[in-house]
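[1] My questions concern the predicted model and sequence given below.
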Amino acid sequence: MRHIFRETWSGLRRNVSMTLAVIVTMWVSLALFGFGLLATQQVDLMKGRWYDKIEISVFLCTSVAQGTNCTTGEGTTDAQRAAIQEALESNPEVASVTYESKAEAYADFREAFKNSPILDSVTEETMQDSYRVKLKDPQQYQGVVSAVRSMKGVQTVQDLRAYLDPLFTWLNLLRWGTIGIAGLLLVAAALQITNTIRLAAHSRRREIGIMRLVGASNWYILLPFVLESLAAAVIGIVFACLTIAAVVKFVIIDKAQVSIQSLPWVDWTHAGVAMLWMAVVGVALSVIPTLLTARRYVKV
Amino acid sequence: MIKFEDVSKTYEGQRRPALRDVDIEIAKGEFVFLVGPSGSGKSTFIRLILREYRPTKGHVYVAGKDLGRLPGWRIPGLRRQIGTVFQDFRLLPGKTVYENVAFALQVINKSSQAIRRTVPETLELVGLDGKEDRLPEELSGGEQQRVAIARAFVNRPAILIADEPTGNLDPATSVGIMKLLDRINRSDTTVVMATHDSTIVDQMRKRVIELDSGQIVRDQSKGVYGA
């Protein structure tokens, strides 16, 4: 056993520059891979827990509200209300409709902006009556929106999804971009490891020849190579995890979460999942090419 | 100990077999010279015993086991029963005499206690006591070959294979090496030695197997180099 560790150590020292190259490539590629995983989880988080729960809000006219379907100086009439409610409830895409009055909206607003100076500029009269519409399939919002948008007495239809879709496009781009680049870099890392092992096997060929001759087991011969690339990979993985941790702490927890509180953000749990995958991929991508390459040189 | 049953070996991409219809048995404790011109199949014969290759046809048995059926992971076990010595010594240049011999035991996971006991014993047997801390480059050719023999024999193998062990040595030194191999043979170790050295073969009067173009052309007990 002592011999194996000595061999591993001397191998690492002999190929210092190659080992460093492997560490850096592993670090950068795994960190990018980790970003990709975080972006994926961020998308899922917003889509799952939140995006799907967003309702469509159909705001009604008030005496001061402007809009093509509003008559200036008048609010939505009772007949119009009934027609809107009827249209919503009869729509096959709609799961449920609730009515929120000005007063209720104002109460909610007060609650949400309890400590904000914005509260002073808002009164109950500036709020609007609205219908809150839950959909059967939250992805299919276009039909309902266009059905009521042009009805008399509807000031505006707010579907947050229309605002959020570009955000998701960007997040998806970030996700696949980082994972794609990470994939390329990981291939580079695997090739670098293959080269490093080839060099190491070459410089150790006398020893290997003798070990085979005197009957050292294949594992005994292969283990120093595996440990050598594993050591480089583990260092790379640790650096990559630290990078991800720094991003989660300084960018997400300290900045993003504070400035955009209404969005759910990835936290340490998600970072942990990402790190776990980074470790698995890092170890697999170092050990597998090592075994494949070294086996060729150790072949009995 | 070693049995070839109708063995032929043709290397990939070659038409002429390197070994053809070889049928021979070497008993435990025998001393056998393998002679014949270059390319006659001596190396192939040795490599088949070491299971570096499988025969194309026939069976090779070593210590009762059919090597053709030996799974890959059992090959190291086979090689632990066979010591091997080469013309070019194959010592590790950075290691001392003691370390070179101990290396063979370390890599098969022998305890350091066993190593400390057997290595000095074996070095004494080959006549290298007092030179434990020398590096190979500080030794003469004959001494280097003794280190190689110590390394091959330190695990007390049942078979010792020597491929031209005196090929790089002068006649006087060669005699010393042969005496050593003879001594190892007397401790009931089967010795198979491939050689071109007619003087040695004629002096030793051991069994001689002669190969030519891959076939056995002579098998003579107490033989000489040329028939």
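    Cool, the structure landed. Numbers count the residues shown, from 1 in each chain, chains lettered A, B, ... in the order given.
[2] drop to CA atoms for contacts and neighbour counts, all remaining ones
    Will do.
[3] For the nearest residue to A:M46 once chain neighbours are set aside, the count of nearby residues, please.
    Counting by CA to CA, 6 or more residues apart in numbering or on different chains, the nearest residue to A:M46 once its immediate chain neighbours are dropped is A:P264, at 6.4 Å. If you count neighbours by other CA atoms under 10 Å in any protein chain shown, A:P264 ends up with 16.
[4] Tell me the secondary structure of A:P264, please.
    coil (DSSP: H, G, I helix; E, B strand; the rest coil).
[5] What's the separation between it and A:E207?
    Relative to A:E207, A:P264 is positioned 58 Å away (CA to CA, to the nearest Å).
[6] got a pLDDT number for whichever residue of the stretch 101-250 of chain A sits closest to chain B?
    Residue nearest to chain B within the stretch 101-250 of chain A: A:G215 (3.9 Å; CA to the nearest CA). A:G215 is assigned 90 on the pLDDT scale.
[7] Which residue ranges of chain B form helices?
    B:42-49, B:75-79, B:97-106, B:112-125, B:141-153, B:171-186, B:198-204 (DSSP state H).
[8] so where's the chain shaky on pLDDT?
    You didn't pick a chain, so chain A it is. A:1, A:48-54, A:65, A:112, A:115-116, A:262, A:300 (pLDDT under 70).
[9] you looked at the wrong chain, it should be chain B
    Within chain B, the segments meeting pLDDT under 70 span B:227.
[10] Near chain A, which residues of it? Just list them.
    Within chain B, the positions near chain A by CA under 8 Å from any CA of the partner chain are B:52, B:72-73, B:75-80, B:82-84, B:90, B:92, B:104, B:106-109, B:152.
[11] now do 6 Å
    Residues of chain B lying close to chain A by CA under 6 Å from any CA of the partner chain are B:P76, B:R79, B:R80, B:A104, B:V107, B:I108.
[12] In contact with the nearest residue to the second one once chain neighbours are set aside, which residues?
    Spatial nearest neighbour of B:R79, chain neighbours left out: A:G215 (4.8 Å); criterion: CA to CA, 6+ apart. A:G215 sits next to B:P76, B:R79, B:R80 when contact means CA atoms under 6 Å, 6 or more residues apart in numbering or on different chains.
[13] give me the number of residues near residue 127?
    Answering for chain A, as no chain was given. Using other CA under 10 Å, A:M127 has 18 neighbouring residues.
[14] The intended chain is chain B.
    Neighbours of B:G127 using other CA under 10 Å come to 15.
[15] May I have the secondary structure class of the nearest residue to A:R110 once chain neighbours are set aside?
    Nearest residue to A:R110 in three dimensions, chain neighbours excluded: A:L119, at 6.7 Å (CA to CA, 6+ apart). Look at A:L119: counting by three-state DSSP, its state is helix.
[16] so who does whichever residue of chain B sits closest to chain A touch?
    Relative to chain A, the nearest point of chain B is B:P76 (3.9 Å; CA to the nearest CA). Residues in contact with B:P76 (CA under 6 Å, 6+ apart) are A:G215, A:A216, A:S217.
[17] could you redo the last one with a cut-off of 8 Å?
    By CA atoms under 8 Å, 6 or more residues apart in numbering or on different chains, the residues touching B:P76 are A:R212, A:V214, A:G215, A:A216, A:S217, A:N218.
[18] ok, of those residues, which one's closest to A:Q42?
    Ranked by distance to A:Q42 (CA to CA), the contacts of B:P76 are led by A:N218 at 45.3 Å.
[19] residues in contact with that closest one?
    A:V298, B:W73, B:P76 are the contacts of A:N218 under CA under 8 Å, 6+ apart.
[20] Next, count neighbours for the residue nearest to A:R110.
    15.
[21] Ok, A:V94 next?
    A:V94: 19 neighbours (other CA under 10 Å).
[22] In space, what's closest to it - neighbours in sequence excluded?
    That would be A:L135: by CA to CA, 6+ apart, it lies 4.5 Å from A:V94.
[23] Go ahead and confirm the one you found touches A:E89.
    No. Contact between A:L135 and A:E89 fails when scored by CA atoms under 8 Å: they sit 10.8 Å apart.
[24] Mind splitting chain B into its structural domains?
    What automatic domain parsing lists as the domains of chain B is B:1-81+B:158-227, B:93-156.
[25] before we move on, the earlier item: what's the closest non-adjacent residue to the residue of chain B closest to chain A?
    In space, and not counting its chain neighbours, B:P76 is closest to A:G215: 3.9 Å by CA to CA, 6+ apart.
[26] got the contact list for the closest residue to B:Q215 other than its chain neighbours?
    Distances taken as CA to CA, 6+ apart place B:R20 nearest to B:Q215, at 5.3 Å, with adjacent residues excluded. Neighbouring residues of B:R20 by CA under 8 Å, 6+ apart: B:D6, B:V7, B:S8, B:K9, B:G214, B:Q215.
[27] For the residue with the largest distance to the centre of chain A, give me its contacts.
    In chain A, A:V214 marks the outermost C-alpha relative to the chain mean, sitting 53.3 Å out by CA atoms, centre = their mean. Contacts for A:V214 were tallied using CA under 8 Å, 6+ apart; they are B:P76, B:R79, B:R80, B:I82, B:G83, B:T84, B:A104, B:I108, B:A152.
[28] For the fourth one, give its distance to A:L213.
    The one in question is B:I82. With CA to CA as the criterion, B:I82 and A:L213 are 9 Å apart.
[29] same thing with the last one?
    Distance of B:A152 to A:L213, given as CA to CA: 9 Å.
[30] Overlap of the contact sets of the two?
    B:G83, B:T84.
[31] ok, the two, which is more surrounded?
    Legend: neighbour count by other CA under 10 Å for B:A152 and A:L213, higher for B:A152 (26 against 21).
[32] Verify the stated contact: the more buried one with B:R80.
    No. With contacts counted by CA under 8 Å, B:A152 stays clear of B:R80, the gap being 9.4 Å.
[33] re the thing from before, for the residue nearest to A:V94, grab phi and psi.
    phi -100, psi 150 (degrees, to the nearest 10).
[34] which ones are touching it?
    A:E55, A:E93, A:V94, A:A95, A:S96, A:Y141 are the contacts of A:L135 under CA under 8 Å, 6+ apart.
[35] what comes up buried for the strand or helix carrying the fourth one?
    In this structure, A:A95 is located in strand A:94-100 according to DSSP states H and E. Buried residues in strand A:94-100, defined by neighbour count with 16 or more other CA atoms under 10 Å in any protein chain shown: A:V94, A:V97, A:E100.
[36] out of those residues, who's nearest chain B?
    Once CA to the nearest CA is applied, the member of those that ends up nearest chain B is A:V94, at 67.1 Å.
[37] Give me every residue in the stretch 151-300 of chain A lying close to chain B.
    Near chain B, when you scan the stretch 151-300 of chain A using CA under 8 Å from any CA, you find A:206-207, A:210-218, A:220, A:300.
[38] Kindly reformat those as TSV containing distance to A:N15 and secondary structure.
    Formatted as TSV, these follow (distance: CA to CA, whole Å; DSSP: H, G, I helix; E, B strand; the rest coil):
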residue	distance to A:N15	secondary structure
A:R206	17	helix
A:E207	17	helix
A:I210	22	helix
A:M211	21	helix
A:R212	23	helix
A:L213	26	helix
A:V214	27	helix
A:G215	27	coil
A:A216	24	coil
A:S217	25	coil
A:N218	23	helix
A:Y220	20	helix
A:V300	26	coil
